[in-house]
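**Q** Output the structure for:
(4 chains)
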Protein chains: 2
Amino acid sequence: MGLKMEDVERLESIVKRSRPLHRGDQLFRRGDRFEALYVVKTGTVKTYAPSGEHGSEQVLGFHLPGELLGLDAIDRDCHVCSAKVLETAAICEIPFQRFEELAARVPSLQRQMYRLLSKEIVQDSEMLLLLGKKSAEERLATFLLSLSQRLSRRGLSPTDFYLSMSRHEIGSYLGLAVETVSRLFTRFHEEGILGVDRKHVRLIDLAALETLSDNAPSTHRHQRSN
Amino acid sequence: MGLKMEDVERLESIVKRSRPLHRGDQLFRRGDRFEALYVVKTGTVKTYAPSGEHGSEQVLGFHLPGELLGLDAIDRDCHVCSAKVLETAAICEIPFQRFEELAARVPSLQRQMYRLLSKEIVQDSEMLLLLGKKSAEERLATFLLSLSQRLSRRGLSPTDFYLSMSRHEIGSYLGLAVETVSRLFTRFHEEGILGVDRKHVRLIDLAALETLSDNAPSTHRHQRSN
DNA sequence: CGCGGAATTGATGTGCATCAACTCGGGTGG
DNA sequence: CCACCCGAGTTGATGCACATCAATTCCGCG
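**A** Here you go, the predicted model:
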């Protein structure tokens, strides 16, 4: 992380460990006053925002162990999206007020915070590219690879994992209809790229996925060059 | 801004004013070492990243007077996108190293910086919603309204402005083909929502645009509920 | 065991990309 | 100052990727 041991300790001294949360629990809601940032220790959390008025929602992200959420709330001092637990989760809470005071005295922590915020921006812009230019196939491939990499970073299997989100949520996140997501899973399965059993996924042909993810001439597709 | 006068002065003391830049000039390129953040004083700048390998690009944003760019580079210490001047521009440069030192001593500046980074994240997530769920019509309406608001914030006319970007760039930014953008301009024009003459735009029916922007039943459209 | 939401699968429709001319304007050089 | 050119923009015709609609099927759970 680039932090000294003593700094890590100081950081930990202000962190609160929350009781375990369960599927469906809300971590925070759109409009809630901004109190703290959250770090996922185990489990999965999704962030989402309403879209239109007919109750539909846009999934903004999935947060796996080791990942931070709540950064959106700093600007207006209140959350602009909601966060819901998808899979029994342990979450740490970092009171922002106190964190800020600490950061002001610890340059390396400050730096780290800037980096995190910046990384978030970079990731969002990768997502813009995905939504703006990629085909359905490319999107799902990219999504699966992203999960794979993020899990492996935490020492979990990069090829064998559990999708704690529904097909519907995957679709919303990727800008696709549920049915399209379902069909793609089936197709990837048939093509021997992955094994699917309900919510368990086993990535078999990583190389193929990467090819699909970059630019995907499945048959001889029309490039969306825009 | 929420900064005291003296703090503003201290900030200004580290800012460099660059010579005027002209259409086509590069402010920075993907891969360039991260040195500074930039503030647009006048003119317009676009940020973009390559996409695929066939030379096409994804436009990531347009930066108007008063807006900041370069935040993406903090994370990896190098720029992950390129920035090009669209319209003769005056740009201020904020050396990040020195800014960071100053911010560590000025809490209000620190706070402001966090806010800016957070705001960027919020805006990106609004863009995700746009690209993930909105129709072509909604996208263009949203885009025009966004320009309108941002210009008026700077005291410029919110209803009468010049598009310094090409139709192609608008399309890339909104995830649409040039032709679609062109057709929409024509349609909005015919419907009396705006006046278009080449790159000059005059917003006539703001209310209509806002309706279109939120959710657009042009005829009796199919909701993309995802 | 039986209900209900999630997922799959198939049939159909459509919004927008793509392909293809054509026009327009602005710059260049004769 | 006009003829030419070339890239940007417009407009029309066509096709396709994916949404939408419509049944089933498949669990998970009370």
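**Q** next one: the helix or strand A:Q110 falls within to chain centre, how far?
**A** Element membership for A:Q110, per DSSP states H and E: helix A:107-133. Taking the mean of its C-alpha atoms, helix A:107-133 sits 12 Å from the chain's own mean (CA atoms, centre = their mean, to the nearest Å).
**Q** can you check stretch A:78-88 too?
**A** That offset, for stretch A:78-88, works out to 11 Å (CA atoms, centre = their mean).
**Q** ok, that stretch near DNA strand D or not?
**A** No: applying CB under 7 Å from any atom of the strand, one finds stretch A:78-88 out of contact with DNA strand D, separated by at least 11.6 Å. C-beta: built from backbone N, CA, C; applies to glycine.
**Q** what's next to that stretch, contact-wise?
**A** A:20-34, A:38, A:42-49, A:60, A:62-63, A:69-70, A:72-73, A:162, A:164-165, A:169, B:122, B:125 (CB atoms under 8 Å, 6 or more residues apart in numbering or on different chains).
**Q** run the last query once more with 7 Å
**A** Taking contacts as CB atoms under 7 Å, 6 or more residues apart in numbering or on different chains, the residues outside stretch A:78-88 that touch it are A:20-34, A:43-49, A:60, A:69, A:72-73, A:164-165, B:122, B:125.
**Q** can I get the CA coordinates of it in CSV?
**A** Taking Å, rounded to 0.1, in the frame of the first residue of the first chain, the C-alpha atoms of stretch A:78-88 are listed here in CSV:
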residue,chain,number,x,y,z
CYS,A,78,-24.5,13.2,1.3
HIS,A,79,-24.7,9.9,-0.6
VAL,A,80,-25.8,10.1,-4.2
CYS,A,81,-26.3,6.4,-4.5
SER,A,82,-27.4,3.6,-2.3
ALA,A,83,-25.5,0.5,-1.2
LYS,A,84,-26.9,-2.9,-0.6
VAL,A,85,-25.3,-6.1,0.6
LEU,A,86,-25.5,-9.0,-1.9
GLU,A,87,-23.7,-11.6,0.1
THR,A,88,-23.1,-11.8,3.9
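**Q** now, which of the contacts of stretch A:78-88 lie within helices?
**A** B:122, B:125 (DSSP state H).
**Q** In ChimeraX, how would I select just the buried ones from the contacts of stretch A:78-88?
**A** A single ChimeraX command selects the buried members of the contacts of stretch A:78-88 (16 or more other CB atoms under 10 Å in any protein chain shown):
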select /A:21,27,28,30,34,43,44,45,46,47,48,49,60,69,72,73,164,165 /B:122,125
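**Q** List, out of the contacts of stretch A:78-88, those positioned next to DNA strand C.
**A** Okay, of the contacts of stretch A:78-88, nothing touches DNA strand C (CB under 7 Å from any atom of the strand).
**Q** thinking again about what came up before, may I see the buried residues of the helix holding A:Q110?
**A** A:109-133.
**Q** Can you spell out which helices and strands pack onto the lowest-mean-pLDDT helix or strand in chain A?
**A** Sorting the helices and strands of chain A by mean pLDDT, DSSP states H and E puts helix A:5-14 at the bottom, at a mean of 82. Counting contacts by 3 or more CB pairs under 7 Å, 6 or more residues apart in numbering or on different chains; DSSP states H and E, helix A:5-14 is packed against helix A:96-105, helix A:107-133.
**Q** Next, the angle from it to helix A:107-133.
**A** 70 degrees (axes from the mean of the first three to the mean of the last three CA atoms, to 10 degrees).
**Q** Could you export helix A:5-14 as PDB, CA atoms only?
**A** In PDB, the C-alpha atoms belonging to helix A:5-14 read as follows (Å, rounded to 0.1, in the frame of the first residue of the first chain):
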ATOM      1  CA  MET A   5       3.500   0.200   9.700                       C
ATOM      2  CA  GLU A   6       3.000   2.900  12.300                       C
ATOM      3  CA  ASP A   7       0.700   4.800  10.000                       C
ATOM      4  CA  VAL A   8      -1.400   1.700   9.300                       C
ATOM      5  CA  GLU A   9      -1.800   1.300  13.000                       C
ATOM      6  CA  ARG A  10      -2.900   4.900  13.400                       C
ATOM      7  CA  LEU A  11      -5.400   4.400  10.600                       C
ATOM      8  CA  GLU A  12      -6.700   1.200  12.200                       C
ATOM      9  CA  SER A  13      -7.200   3.000  15.500                       C
ATOM     10  CA  ILE A  14     -10.000   5.100  14.000                       C
END
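**Q** and the helix or strand just after it, which strands flank it?
**A** Sequence-wise, the next helix or strand beyond helix A:5-14 is strand A:16-17, with elements assigned using DSSP H and E. Applying DSSP bridges, strand A:16-17 is found paired with strand A:82-95 (antiparallel).
**Q** Work out which residue lies at the spatial centre of chain A.
**A** Centroid-nearest residue in chain A: A:F62, 3.0 Å away (criterion: CA atoms, centre = their mean).
**Q** The spatially closest residue to that residue that is not a sequence neighbour bridge partners, please.
**A** Nearest residue to A:F62, sequence neighbours excluded (CB to CB, 6 or more residues apart in numbering or on different chains): A:K46, at 5.4 Å. For A:K46, the beta-bridge partners under DSSP bridges are A:F62, A:K84.
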